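Participant: pasting the structure only:
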């Protein structure tokens with residue numbers, strides 16, 4: 001969430017920067033007036049609170065006086081003052097709720113270093129790693145390869161759950177598990193992340209904290225208990241970013257311990273609203289998929305360096321797997337809702353003859369921390385300030401599975417297992433089962 005005071009004081013700058021994201025600035029209308037009304041109400045409330053406190057102190061002195069009429073009169077004045085303060089505080093709460101509702105649907109401001117553009121066509125390629133695989137035969141798509149290998153089944157998945165679900169079995173399921181273990185071991189043993197196993201169901205407050213609610217509710221799976229007496233809603237997580245970031249909601253962290261680095265494997269659930277007709281075949285766009293997530297908390301002056309570090313950790317997975325890929329800096333028009341700056345990692349898929357996103361690594365500034373109320377003290381008695389949060393896939397496991405099957409496919413229909421996964425797999429090649 002943006003800082004209401006900053007928006008009010010720099011309205012034209014905010015409107016201009018949001019315009020580079022193709023955002024309708026009409027949502028900013030009235031925020032300056034609401035902010036001014038809030039500041040005036042704060043002044044008035046503080047003045048009345050001071051009068052109430054002074055009256056309370058005076059009453060303590062009058063209680064010692066033998067003239068009880070003065071004490072009684074002052075007590076009536078204090079009651080009136082307390083009622084007036086209560087009304088002002090209620091007005092303040094209502095005004096702040098109104099401002100928060102307006103700010104909740106406004107995206108983050110792009111960092112000044114982000115290239116201006118309107119779509120993914122304007123993204124900037126930073127580097128390309130490895131060589132494009134030379135197969136020497138026509139590449140098969142992963143859905144054909146997986147089916148022929150007997151390790152990927154969409155028909156039985158549809159029988160169980162409908163479209164955009166899959167069943168992995170045998171060596172296919174083992175490859176999925178090997179990738180999860182490999183990624184977690186790399187991030188915890190070499191990159192310094194602390195591993196978590198968080199809940200997969202969260203309250204709406206957690207999704208508001210990271211920016212999925214209220215704007216993207218249609219892309220979430222919402223659940224209710226069977227008990228009609230308890231209709232508390234819980235959401236299936238769209239990414240482990242949600243529980244990991246909200247571990248510290250409403251907390252003040254020790255600045256001396258920053259940056260913090262967390263990782264978790266979780267299944268992720270997305271309705272893929274708005275993706276009708278896109279990637280209807282295969283594992284690229286599923287309602288349920290596995291992901292290893294990376295989340296970092298840092299001080300404001302560490303943000304850019306931490307983004308380089310986090311994206312480097314995600315890219316190292318691709319390098320160790322020997323997968324041809326590139327790193328792309330997103331333009332303003334392609335940024336995610338909560339992101340101030342993003343690097344996408346895109347892996348080569350021979351069957352599609354193009355690069356596809358496999359990780360999106362974002363620095364969110366204090367946007368999420370302001371929503372989730374995550375702060376830190378730079379020194380023991382320093383004033384608390386909002387942390388900066390970062391997140392990225394390290395990696396999307398299903399898409400990594402796809403890239404391995406397609407880049408390492410052989411003419412006979414088998415698939416070579418990358419060397420770093422062989423200790424987890426126990427085999428060097430996937431062959432028909």
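Facilitator: On my side now, so go ahead. As the structure is a prediction and not an experimental result, all values here were calculated from the model.
Participant: going forward, measure contacts between C-alpha atoms and count neighbours the same way
Facilitator: Noted.
Participant: quick one: residue 267 is in a helix?
Facilitator: No: the assignment for residue 267 (DSSP: H, G, I helix; E, B strand; the rest coil) gives strand, which keeps it out of a helix.
Participant: Three-state assignment for the nearest residue to it once chain neighbours are set aside, please.
Facilitator: Closest residue to residue 267 apart from its sequence neighbours, by C-alpha to C-alpha, 6 or more residues apart in numbering: residue 290 at 4.3 Å. Classification of residue 290 by three-state DSSP places it in strand.
Participant: who touches residue 290 in this structure?
Facilitator: 265-268, 396-398 (C-alpha atoms under 8 Å, 6 or more residues apart in numbering).
Participant: Can you turn the buried part of those into a ChimeraX selection?
Facilitator: Buried subset of the contacts of residue 290, written as a ChimeraX selection, criterion 16 or more other C-alpha atoms under 10 Å:
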select :265,266,267,268,396,397,398
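Participant: quick one, phi psi at residue 252?
Facilitator: phi -110, psi 120 (degrees, to the nearest 10).
Participant: Identify the residues contacting it.
Facilitator: Counting by C-alpha under 8 Å, 6+ apart, residue 252 touches 374-377, 384.
Participant: and if you look at residue 322?
Facilitator: Contacts of residue 322 by C-alpha under 8 Å, 6+ apart are 130, 418.
Participant: Check what pLDDT it gets.
Facilitator: pLDDT, residue 322: 98.
Participant: Check the gap between it and residue 316 for me.
Facilitator: Residue 322 is 10 Å from residue 316, where distance means C-alpha to C-alpha, to the nearest Å.
Participant: Residue 175 is in contact with residue 151, correct?
Facilitator: No: contact criterion C-alpha atoms under 8 Å: residue 151 and residue 175 do not qualify, at 9.9 Å.
Participant: Look at those two and report which has more neighbours.
Facilitator: The residue with more neighbours, out of residue 151 and residue 175, is residue 175; 26 against 22, by other C-alpha atoms under 10 Å.
Participant: in what helix or strand does that one lie?
Facilitator: Residue 175 is part of helix 170-189, with elements assigned from DSSP states H and E.
Participant: which other residues reach that helix?
Facilitator: Counting by C-alpha under 8 Å, 6+ apart, 146, 151-152, 193-195, 263-265, 291-292, 313, 317, 394-395, 397-398, 400-401, 420-421, 424-425, 430, 433 sit against helix 170-189.
Participant: The residues you listed, buried ones only, as a ChimeraX selection?
Facilitator: Restricted to buried positions by 16+ other C-alpha under 10 Å, the ChimeraX selection for the contacts of helix 170-189 reads:
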select :146,151,152,193,194,195,263,264,265,291,292,313,317,394,395,397,398,400,401,421,425,430
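Participant: quick revisit: where does the residue nearest to residue 267 land on pLDDT?
Facilitator: Value for residue 290, per-residue pLDDT: 98.
Participant: Then residue 310?
Facilitator: pLDDT, residue 310: 98.
Participant: so it is in which element?
Facilitator: Element membership for residue 310 (DSSP H and E) is helix 303-321.
Participant: Spatially, what comes nearest to residue 130 if we skip its sequence neighbours?
Facilitator: residue 324 (4.9 Å).
Participant: what residues are up against that neighbour?
Facilitator: 128-133, 318, 347-348.
Participant: List only those of these flagged as buried.
Facilitator: Judged by 16+ other C-alpha under 10 Å, buried ones among those: 318, 347-348.
Participant: Identify all contacting residues around the helix or strand where residue 400 lies.
Facilitator: Taking DSSP H and E as the definition, residue 400 sits inside helix 397-407. Residues outside helix 397-407 that contact it (C-alpha under 8 Å, 6+ apart): 133, 139-142, 145-146, 175-176, 179-180, 283-284, 289-292, 323, 347-351, 358, 415-418.
Participant: Just the buried ones from those, in PyMOL syntax?
Facilitator: Those of these that count as buried under 16+ other C-alpha under 10 Å are selected in PyMOL with:
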select buried, resi 139+140+141+142+145+146+175+176+179+180+283+284+289+290+291+292+323+347+348+349+350+358+415+416+417+418
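Participant: Tell me where the protein has helices.
Facilitator: For the chain, the helices defined by DSSP state H cover 4-9, 11-19, 31-62, 68-103, 142-149, 155-161, 170-189, 204-210, 241-246, 303-321, 367-372, 397-407, 422-425.
Participant: Determine which of these approaches residue 120 most closely.
Facilitator: helix 11-19 (16.2 Å; C-alpha to C-alpha).
Participant: The helices of the chain into JSON lines, with extra columns for distance to residue 120?
Facilitator: Below are the helices of the chain laid out as JSON lines (distance: least, C-alpha to C-alpha, whole Å):
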{"stretch": "helix 4-9", "distance to residue 120": "27"}
{"stretch": "helix 11-19", "distance to residue 120": "16"}
{"stretch": "helix 31-62", "distance to residue 120": "31"}
{"stretch": "helix 68-103", "distance to residue 120": "26"}
{"stretch": "helix 142-149", "distance to residue 120": "25"}
{"stretch": "helix 155-161", "distance to residue 120": "32"}
{"stretch": "helix 170-189", "distance to residue 120": "28"}
{"stretch": "helix 204-210", "distance to residue 120": "23"}
{"stretch": "helix 241-246", "distance to residue 120": "23"}
{"stretch": "helix 303-321", "distance to residue 120": "19"}
{"stretch": "helix 367-372", "distance to residue 120": "23"}
{"stretch": "helix 397-407", "distance to residue 120": "19"}
{"stretch": "helix 422-425", "distance to residue 120": "36"}
